[in-house]
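Enquirer: Give the three-dimensional model of this entry:
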Amino acid sequence: MSRFGALGANNNGFKHGYSNTPEYWSWKGMMRRCSDKKYKDFHNYGGRGIRVCKRWLEIENFIADMGVRPVGTSLDRINNNGHYTPSNCRWATKQEQRQNSRTSKLRPRDVRYIRTLLARGVPAPRIGEMFKVSEKNVRNIRDRLIWTNIS
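Expert: Residues are numbered from 1 along each chain as shown. Just a heads-up that it's a prediction; the model follows:
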């Protein structure tokens with residue numbers, strides 16, 4: 001049996017039985033970001049048109065589609081300009097989310113090119129200037145401390 005147990009009323013009065021699970025808190029945060037105009041980050045989500053698909057208005061459907069949240073991950077939209085939908089969401093680590101943020105200066109193709117330049121002997125400070133990132137960032141790419149999923 002999953003850690004969710006059977007559906008039904010629980011001690012907290014929730015019918016769905018998912019309260020206090022990591023998946024519940026991810027769902028609740030998603031709902032709040034997109035619908036609560038008083039929420040501090042609403043302007044980055046609902047305020048710019050990001051919505052939750054109708055199916056996910058019910059937590060049972062969200063959990064059925066997303067499954068158990070792996071330890072060390074949180075909900076991430078693959079396309080940051082897209083809505084919260086089964087095809088546009090995943091459980092991602094903090095590093096994956098940083099790389100996928102709207103403010104990230106690098107894209108996967110940039111990382112591949114940086115690694116090519118490093119292999120050709122171009123100095124890290126020069127590469128940093130070219131891509132407007134720190135030399136430390138370039139070294140971390142070289143040493144595969146970041147962007148580990150890009151070859």
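Enquirer: Domain ranges for the protein, per the record?
Expert: As given by automatic domain parsing, the domain ranges for the chain are 22-93, 108-142.
Enquirer: hey, least reliable of those domains by pLDDT?
Expert: Here the lowest mean pLDDT among those goes to domain 108-142, at a mean of 91.
Enquirer: Quote the end-to-end distance of that one.
Expert: This stretch, domain 108-142, spans 14 Å end to end (Cα to Cα, to the nearest Å).
Enquirer: buried sites along that domain?
Expert: Using 16 or more other Cβ atoms under 10 Å as the test for burial, domain 108-142 gives 110-111, 114-115, 117-118, 124, 127-128, 131, 133, 137-139, 141-142. Yep, even glycine has a C-beta here, placed from its N, CA and C like the rest.
Enquirer: quick one: which of these is nearest residue 94?
Expert: Comparing these against residue 94 with Cβ to Cβ picks out residue 137 as the nearest, at 16.0 Å.
Enquirer: Quickly find the element holding the residue nearest in space to the middle of the chain.
Expert: By Cα atoms, centre = their mean, the chain has its centre lying nearest to residue 76, at 2.4 Å. Following DSSP states H and E, one finds residue 76 within strand 74-77.
Enquirer: and residue 50, how far is that from residue 33?
Expert: 8 Å (Cβ to Cβ, to the nearest Å).
Enquirer: ok, those two, which is more surrounded?
Expert: Of the pair residue 50 and residue 33, residue 33 is the one with more neighbours under other Cβ atoms under 10 Å, namely 21 against 18.
Enquirer: and that one, what is it in contact with?
Expert: When contacts are counted by Cβ atoms under 8 Å, 6 or more residues apart in numbering, residue 33 touches 39, 41, 42, 44, 45, 46, 50.
Enquirer: run the last query once more with 10 Å
Expert: Counting by Cβ atoms under 10 Å, 6 or more residues apart in numbering, residue 33 makes contact with 39-47, 50, 52, 75, 84.
Enquirer: Repeat that for residue 34.
Expert: For residue 34, the contact set (Cβ under 10 Å, 6+ apart) comprises 42, 45, 46, 47, 49, 50, 51, 52, 83, 84.
Enquirer: how much space between the third one and residue 98?
Expert: So that's residue 46. According to Cβ to Cβ, residue 46 stands 22 Å off from residue 98.
Enquirer: And residue 135, by the same measure?
Expert: Going from residue 135 to residue 98 by Cβ to Cβ gives 18 Å.
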